[in-house]
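Visitor: Pasted the sequence and its predicted model underneath.
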Amino acid sequence: MSIKKAILMSVVSLTTLACSCLPFTFSFSPRPTSTAWPSPTSPAAPTKSSLPAATETPSAPSLPTTSFESVEYVDPQGLFSLRYPKGWQVKVAENGTTSFCQTAQPDSPCLAIQIQEGVGDVQTFADEVLVGLESTVSDYYAGTPFKSTTGDNWPIISVYVEYTYHGEAWAGNLAFVVKKNGQGYYISAVAQGAEQYREVEGLFTEILLGMRFGE
């Protein structure tokens, strides 16, 4: 299977994971105004030229403390770790996607993580996933991708998105991390439209900022 096809399948699987448990209708709300990472820096569409390559010097610091009561999660294979709010639901799907949902209810905000092997650079990874998502959904909007580094110094690209899939509307952040060994992390932090997303944006941001990806 080609990397591009595998990435597109990842887009569909994470989107399906979300939409299979969050049926709702939605009319677009104003864009988020928060300036905390990983919110968009402007409402412009993604541009490849705005995403230069990065130099990574990974280390392995411990997980930071959180402002909320949290539980530490370490991937069984040691591929990532994070702290999520106590009481949230954790599920690992057959395709390897790990999701952290606020409740077990079908309209709950969720953060989902899927790992793709054999990925090149983070810029290409993000571009291909976003192109694949745009071709799969409707009412697609993407803010300007924001580039930074994770707490253990891997390059990360995040972008705020809104879209409709199978009649259901979504809003949230997609984040992309690629390590030197070619492991690509596709992280989807979404909620029931822009208004609900703003309610949990702080939690999602803190979880994302606190994630660690190891060597």
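Guide: Cool, the structure landed. Just so you know, these numbers come straight off a predicted model, no measurement behind them.
Visitor: buried sites along stretch 205-215?
Guide: 205-214 (16 or more other Cβ atoms under 10 Å). Any C-beta I mention is one placed from the backbone N, CA and C, and that applies to glycine too.
Visitor: from those, which single one is nearest V137?
Guide: Lowest distance from V137 to the buried residues of stretch 205-215 (Cβ to Cβ) belongs to L208, with 21.8 Å.
Visitor: that older thread, just put the buried residues of stretch 205-215 in CSV and tack on secondary structure.
Guide: Listed next are those as CSV, based on DSSP: H, G, I helix; E, B strand; the rest coil:
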residue, secondary structure
T205, helix
E206, helix
I207, helix
L208, helix
L209, helix
G210, helix
M211, coil
R212, strand
F213, coil
G214, coil
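Visitor: Distance to W154 and pLDDT added to those, as CSV?
Guide: Formatted as CSV, the buried residues of stretch 205-215 follow (distance: Cβ to Cβ, whole Å; pLDDT from 0 to 100):
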residue, distance to W154, pLDDT
T205, 17, 93
E206, 18, 94
I207, 16, 94
L208, 12, 93
L209, 13, 91
G210, 14, 93
M211, 10, 95
R212, 9, 94
F213, 6, 93
G214, 9, 80
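Visitor: nearest to Y165, of these?
Guide: Once Cβ to Cβ is applied, the member of those that ends up nearest Y165 is L208, at 21.9 Å.
Visitor: I'd say that closest one and G151 touch.
Guide: No - assessed by Cβ atoms under 8 Å, L208 is found out of contact with G151, at 9.8 Å.
Visitor: Common neighbours of those two, please.
Guide: Common neighbours of L208 and G151, using Cβ atoms under 8 Å, 6 or more residues apart in numbering, do not exist here.
Visitor: mind listing the strands for the protein?
Guide: In the chain, the strands defined using DSSP state E lie at 70-74, 81-85, 89-92, 98-101, 110-116, 138-142, 146-149, 155-165, 168-178, 184-191.
Visitor: Switch these over to JSON lines; also include distance to F125 and mean pLDDT.
Guide: Below are those laid out as JSON lines (distance: least, Cβ to Cβ, whole Å; pLDDT from 0 to 100):
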{"stretch": "strand 70-74", "distance to F125": "23", "mean pLDDT": "94"}
{"stretch": "strand 81-85", "distance to F125": "20", "mean pLDDT": "96"}
{"stretch": "strand 89-92", "distance to F125": "22", "mean pLDDT": "95"}
{"stretch": "strand 98-101", "distance to F125": "18", "mean pLDDT": "96"}
{"stretch": "strand 110-116", "distance to F125": "8", "mean pLDDT": "96"}
{"stretch": "strand 138-142", "distance to F125": "15", "mean pLDDT": "96"}
{"stretch": "strand 146-149", "distance to F125": "13", "mean pLDDT": "94"}
{"stretch": "strand 155-165", "distance to F125": "8", "mean pLDDT": "95"}
{"stretch": "strand 168-178", "distance to F125": "5", "mean pLDDT": "95"}
{"stretch": "strand 184-191", "distance to F125": "5", "mean pLDDT": "96"}
